[in-house]
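I would like the atomic coordinates for the input below:
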Amino acid sequence: MSRASSRAAKKTTPAGTNGLAARSAPTFKVALIVKRSAYRVQVEERKNGRIQRLLAAHDPTVAHLRAAHEEHEATVREVKAALAVLGVEVAFSGSVGEAFDARGLDLVITVGGDGTLLSASHSVADVPILGINSAPGYSVGFFCGARRGDAALAISRALHGELRRAVLTRMQVCVNGHVVAARVLNDALFCHVSPAATSRYIVRLGGIEEEQKSSGFWIGPAAGSTAAQRSAGGRVIALTSKRLQLVVREPYTPHGERYRLRHALIPPGTPLVVRSKMTDAKLFIDGPNRTIDVGVGDLLEFTQANEDLTVLGIAPTRRWGVDHDEPAPHVPRRAARRDDHAR
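Modelled structure (predicted):
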């Protein structure tokens, strides 16, 4: 029996609202990570005059800013109301980029899009995570297992172990023998600090080593293969794959040569080793906000991480271009756990 299911069995629950069960005392402990919308940050917090003027002029560059914000805020209210009805204890409440301790929690809930879930995942080890796409018309929610309108039911089913799940491989990154990122879910980008400059490095995979010049490279686990890796010419890999993928961006081969390691699928247990030839390079982890400075002679190593991530509400067979799955039939709790295990 799961930790969440064990706790649920200890109490009986009177009928609540919206088909949910209201609880007399907190039974489950969760972390709630909520995105701050662009409208909230730029207009309400920073009082950005330029954006305010563009909004007033109905400029197309900010046309959806207010609508996306209002949809997001409505979803936040829906989620908080559901947690109150369920009697859930919110042990941590924060925003994107805030680290937290997930130990002892039953569930981590993110309200936003994929970026919000990615940010929260860096604090999560063996606790399942449920992403709620707060504004499906304006944000990508490939990893999100629920959206506005069904968030309450999804949270209830997640807490009782009744949602489908996907167990995703993550990547670990070391620089000069020190772990700098142990829970990379999407990808890492290694390149010169200037996008107009050539990236120079030596890459080694197994018995193959070569010196490359390019715009840098993407590397990441299967979960990230639908994003930048695909856009750069990589393959879309099944979510259940444990391989990492290397995709070199715009290789510079003026004499017609072909890099052997322009694109590679890396099996579990095999490291990709890179030595920087740049004095000013950057390593970007799961997006633009987490960066690591890399200098000439620094040694980078990319391997499969020891900790997977359990994402609720999505099927392991979820396909690129589809941010939702066919509705799963409601099944009894015991049967649902058997089905999840089989997947």
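
quick one, what contacts the residue nearest to Thr303 when sequence neighbours are not counted?
Excluding the flanking residues, the one nearest Thr303 by Cβ to Cβ, 6 or more residues apart in numbering is Pro271, at 4.6 Å. Every C-beta, even on glycine, is put in place using the N, C-alpha and C of the backbone. In this structure, Pro271 makes contact with Glu301, Phe302, Thr303, judged by Cβ atoms under 8 Å, 6 or more residues apart in numbering.

May I ask which helix or strand encompasses the first one?
Glu301 belongs to strand 299-304 when assigned by DSSP states H and E.

what pairs with Ala281 across the strands?
His192, Val294 (DSSP bridges).

What count of nearby residues applies to it?
Neighbours of Ala281 under the rule other Cβ atoms under 10 Å: 24.

go on, the one 10 residues further on?
Around Thr291 there are 13 other residues, counting by other Cβ under 10 Å.

That one contacts Ala281, doesn't it?
No: the criterion here is Cβ atoms under 8 Å, and Thr291 misses it with Ala281 at 10.4 Å.

list the helices and strands the strand holding Glu301 packs on?
Packed against strand 299-304 by the contact rule (3 or more Cβ pairs under 8 Å, 6 or more residues apart in numbering; DSSP states H and E) you find strand 171-175, strand 244-248, strand 272-276.

Adding mean pLDDT and mean neighbour count, write these out as CSV.
Shown next, in CSV, are the helices and strands packed on strand 299-304 (pLDDT from 0 to 100; neighbours: other Cβ atoms under 10 Å):
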stretch, mean pLDDT, mean neighbour count
strand 171-175, 98, 21
strand 244-248, 98, 24
strand 272-276, 98, 20
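
my read: Ala74 touches Arg147, true?
No: counting by Cβ under 8 Å, Ala74 stays clear of Arg147, with 11.5 Å between them.

higher neighbour count, the two?
Neighbours per residue, other Cβ under 10 Å: of Ala74 and Arg147, the larger number sits with Arg147, 21 against 14.

Let me see the contact set for Ser119.
Taking Cβ under 8 Å, 6+ apart as the test, what Ser119 contacts is Ile33, Val96, Gly97, Thr110, Asp286, Gly287, Asn289.

Okay, and it sits in which element?
Judged by DSSP H and E, Ser119 forms part of helix 114-121.

Export that helix to PDB, keeping only CA atoms.
C-alpha atoms of helix 114-121 as PDB (Å, rounded to 0.1, in the frame of the first residue of the first chain):
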ATOM      1  CA  ASP A 114       5.700  22.500 -18.100                       C
ATOM      2  CA  GLY A 115       8.200  25.100 -16.900                       C
ATOM      3  CA  THR A 116       6.600  25.200 -13.500                       C
ATOM      4  CA  LEU A 117       6.800  21.400 -13.200                       C
ATOM      5  CA  LEU A 118      10.400  21.400 -14.400                       C
ATOM      6  CA  SER A 119      11.400  23.900 -11.800                       C
ATOM      7  CA  ALA A 120       9.700  22.000  -9.000                       C
ATOM      8  CA  SER A 121      11.100  18.700 -10.100                       C
END
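
how distant is that helix from the center of its chain?
Between the centre of helix 114-121 and the centre of its chain there are 4 Å (Cα atoms, centre = their mean, to the nearest Å).

Likewise for stretch 98-105?
For stretch 98-105, the distance from its own C-alpha centre to the chain's C-alpha centre is 16 Å (Cα atoms, centre = their mean).

which residues touch that stretch?
Here stretch 98-105 has contacts from 29-31, 33, 91-92, 94, 108, 122-125, 127, using Cβ under 8 Å, 6+ apart.

hmm, try it at 10 Å
3-4, 28-33, 89, 91-94, 108, 119-129 (Cβ atoms under 10 Å, 6 or more residues apart in numbering).

Now intersect these with the strands, please.
Residues of the contacts of stretch 98-105 located in strands (DSSP state E): Lys29, Val30, Ala31, Leu32, Ile33, Glu89, Ala91, Phe92, Ser93, Gly94, Val108, Ile129.

before we move on, back to that, in PDB, could you pull the C-alpha coordinates for whichever helix or strand comes after the strand holding Glu301?
Scanning forward in sequence from strand 299-304 by DSSP H and E, the next helix or strand is strand 309-312. Extracted C-alpha coordinates of strand 309-312, given in PDB (Å, rounded to 0.1, in the frame of the first residue of the first chain):
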ATOM      1  CA  LEU A 309      10.700  11.100 -11.400                       C
ATOM      2  CA  THR A 310       7.100   9.900 -11.100                       C
ATOM      3  CA  VAL A 311       4.700  12.200 -13.000                       C
ATOM      4  CA  LEU A 312       1.000  11.600 -12.400                       C
END
